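Undergrad: could you look at this predicted model? Sequence included:
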Amino acid sequence: MARIVRDRDGEGYFGSRVEAIDLETGKYEFVNGPVIGKCLKVGTMTAGMFSKRDWWCTTPVLAILESTDDSVRFKTKNSTYTFYR
């Protein structure tokens, strides 16, 4: 199950649904990690029954800082995140 964590405060979310969203067109695609120029959305396929949220969506990805088989650290307009595959 994928997980995203914001570096500065440890906030984030997890789920089996990972999408890259193009804000200009509104189109999305299922991906295995962040895509430069697109927002990364991580969440559940169904509503989070025991949670206050169903997904986490970043601002557009500006740069991939570090990548391993298990994780990707990346920067957006507002924050730096680590995405765990």
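TA: Cool, the structure landed. Numbers count the residues shown, from 1 in each chain.
Undergrad: Cys39: what's it in contact with?
TA: Neighbouring residues of Cys39 by CB atoms under 8 Å, 6 or more residues apart in numbering: 20-21, 23, 57-61. All C-beta atoms are positioned from the backbone trio N, CA, C, and that covers glycine.
Undergrad: with secondary structure added, can I get these in a markdown table?
TA: Output for those, formatted as a markdown table (DSSP: H, G, I helix; E, B strand; the rest coil):
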| residue | secondary structure |
| --- | --- |
| Ala20 | strand |
| Ile21 | strand |
| Leu23 | coil |
| Cys57 | strand |
| Thr58 | coil |
| Thr59 | coil |
| Pro60 | coil |
| Val61 | strand |
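Undergrad: could you dump those residues to TSV with distance to Lys77 and pLDDT?
TA: Formatted as TSV, the contacts of Cys39 follow (distance: CB to CB, whole Å; pLDDT from 0 to 100):
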residue	distance to Lys77	pLDDT
Ala20	15	97
Ile21	14	97
Leu23	11	92
Cys57	13	94
Thr58	9	97
Thr59	4	97
Pro60	6	97
Val61	9	98
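Undergrad: among the residues you listed, which pair sits farthest apart?
TA: Ala20 and Thr59 (12.8 Å; CB to CB).
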